[in-house]
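Need a 3D model of the sequence below.
(chains A, B, C and D)
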There are 2 protein chains.
Amino acid sequence: MNKRRAARRRGLAASDDVMWSLMQAAHAVESQLEEALAQVELSGAKLAALTQLVEAGEPVALGELAARCACVRSNITQLVDRLEADKLVRRVDDAADRRSLRAAITPLGRERQAAGAKKVDEVRRKLGKALGAIDHAALKRALSDLD
Amino acid sequence: MNKRRAARRRGLAASDDVMWSLMQAAHAVESQLEEALAQVELSGAKLAALTQLVEAGEPVALGELAARCACVRSNITQLVDRLEADKLVRRVDDAADRRSLRAAITPLGRERQAAGAKKVDEVRRKLGKALGAIDHAALKRALSDLD
DNA sequence: CGGCGTTTATTCATATATGAATAATACAGT
DNA sequence: ACTGTATTATTCATATATGAATAAACGCCG
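Predicted coordinates for the structure are as follows:
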């Protein structure tokens, strides 16, 4: 009932099928993630970039960062602008290529990334519990087939 | 493997769990929807609003439309601006309340909505096929528990 | 060497979304 | 009837995303 009204609110169709359930569920989870991250002054986009930098272990060229975040370059330009304003990242020159700039995470950025990762984990755990009885592996397998 | 790399690209966590599968799957489906809708010069947001108007069967006040689209008013203001520019919708005065404006769908808007709905249905069908062997009802039930 | 195609990041225009601040109108209670 | 509160839509600032156009630097090929 709830679902049907929500699907209609979403507006793309009235019938409530798997497609809508999927998108609704994802939406709900994303909201929870953003909310949790907001508590540590992060967004999903920001955490994603910071996580890439932490995992890389060294400054990453902006184009490379775009590739790893699966988005276009102009997006990263802006995101790094905001991260720099937040003091979480610095742009450093690339000695070998004067066209290239690298994003270097700051100590504060590292801290923030850790805090964000923790928040994400909490949501993940909550989600696991909510899914309770469901066979996670089976669900994952089903979802993986949609790519 | 593929999934793990993608999750890492998304960057919020390295472990590939149900949460990521869910968001990935939803993302993939959304992309397909947007792509299909682009073929009839629509976006998901535009189709959602048009669908509300068709279903309402009469001009809808912008605030009401915002509620039905589950978004904030300022968003609808802009969306209706674009829909009006596309000649899919007209703003009409409300006789009873001079503060209120209503969105009235145009004949072209109706056509476009129908075309969009058809595209969505095609994606839905494709998705159903892709899910093939999976028990759709069970999957839906699982996803519905995440709200 | 020098010119030309490629690659880098940035800027700009646009779409979508949110939330705060604003202006106009409505309405309730005195 | 007046005053103050609420509601309407809009504007503005911001965040996220895309894609086209641009400028700077790289590198290869002749």
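
quick one: contacts for A:Val89?
A:49-50, A:53, A:80, A:83, A:103-106, A:109 (Cβ atoms under 8 Å, 6 or more residues apart in numbering or on different chains). Heads up, the C-betas are built off the backbone N, CA and C, glycines and all.

Ignore what I typed, I meant A:Arg73.
Listed by Cβ under 8 Å, 6+ apart, the contact partners of A:Arg73 are A:62-63, A:66.

In helices only, show me the residues you listed.
Among the contacts of A:Arg73, the members falling in helices (DSSP state H) are A:62-63, A:66.

Which single one of those residues is nearest to B:Arg99?
A:Ala66 (45.0 Å; Cβ to Cβ).

separation between A:Glu122 and A:Gly128?
11 Å (Cβ to Cβ, to the nearest Å).

residues touching the spatially most central residue of chain A, list them.
Note on chain A: the residue nearest the mean C-alpha position is A:Gly44, at 3.8 Å, using Cα atoms, centre = their mean. With contact set as Cβ under 8 Å, 6+ apart, A:Gly44 has these partners: A:30, A:33-34, A:37, B:12.

which helix in chain A runs the most residues?
Longest helix in chain A, counting by DSSP H: helix A:107-131.

Tell me which residues of that one come out buried.
Within helix A:107-131, the residues scored as buried using 16 or more other Cβ atoms under 10 Å in any protein chain shown are A:109, A:112-113, A:115-117, A:119-120, A:123-124, A:127, A:131.

and the residues you listed as CSV, adding pLDDT?
Formatted as CSV, those follow (pLDDT from 0 to 100):
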residue, pLDDT
A:Gly109, 98
A:Arg112, 98
A:Gln113, 98
A:Ala115, 98
A:Gly116, 98
A:Ala117, 97
A:Lys119, 97
A:Val120, 96
A:Val123, 94
A:Arg124, 91
A:Leu127, 86
A:Leu131, 74
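
mind putting those in CSV, distance to DNA strand D included?
Listed next are the buried residues of helix A:107-131 as CSV, based on distance: Cβ to the nearest atom of the strand, whole Å:
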residue, distance to DNA strand D
A:Gly109, 14
A:Arg112, 13
A:Gln113, 14
A:Ala115, 15
A:Gly116, 12
A:Ala117, 16
A:Lys119, 14
A:Val120, 14
A:Val123, 17
A:Arg124, 19
A:Leu127, 20
A:Leu131, 25
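
Give me the below-cutoff pLDDT ranges for chain A.
Counting by pLDDT under 70, chain A shows low-confidence ranges at A:1-16, A:132-135, A:138-139, A:142, A:145-147.

so what's the residue in it positioned nearest to DNA strand C up against?
Going by Cβ to the nearest atom of the strand, DNA strand C is nearest to A:Gly63 of chain A, at 2.4 Å. Counting by Cβ under 8 Å, 6+ apart, A:Gly63 makes contact with A:73, A:76, A:100.

Pull up the gap between the closest residue to the second one other than its chain neighbours and chain B, please.
To tie it back to what came earlier, the one meant is A:Ile76. Nearest residue to A:Ile76, sequence neighbours excluded (Cβ to Cβ, 6 or more residues apart in numbering or on different chains): A:Ala66, at 4.3 Å. From A:Ala66 across to chain B, the span is 11 Å (Cβ to the nearest Cβ, to the nearest Å).

Now for A:Ala66, how many residues are close by?
Applying other Cβ atoms under 10 Å in any protein chain shown, we find 21 residues neighbouring A:Ala66.

Next: A:Gln78.
11.

just A:Thr106 next, same as before
Neighbours around A:Thr106, by other Cβ under 10 Å: 17.

thinking it is in contact with A:Asp86, fair?
No. Applying Cβ atoms under 8 Å as the test, A:Thr106 and A:Asp86 come out as separate, 9.3 Å apart.

I figured A:His75 was touching A:Ala66, is that so?
Slight slip there: residue A:75 is Asn, not His. Yes. Using Cβ under 8 Å, A:Asn75 makes contact with A:Ala66 at a distance of 6.8 Å.
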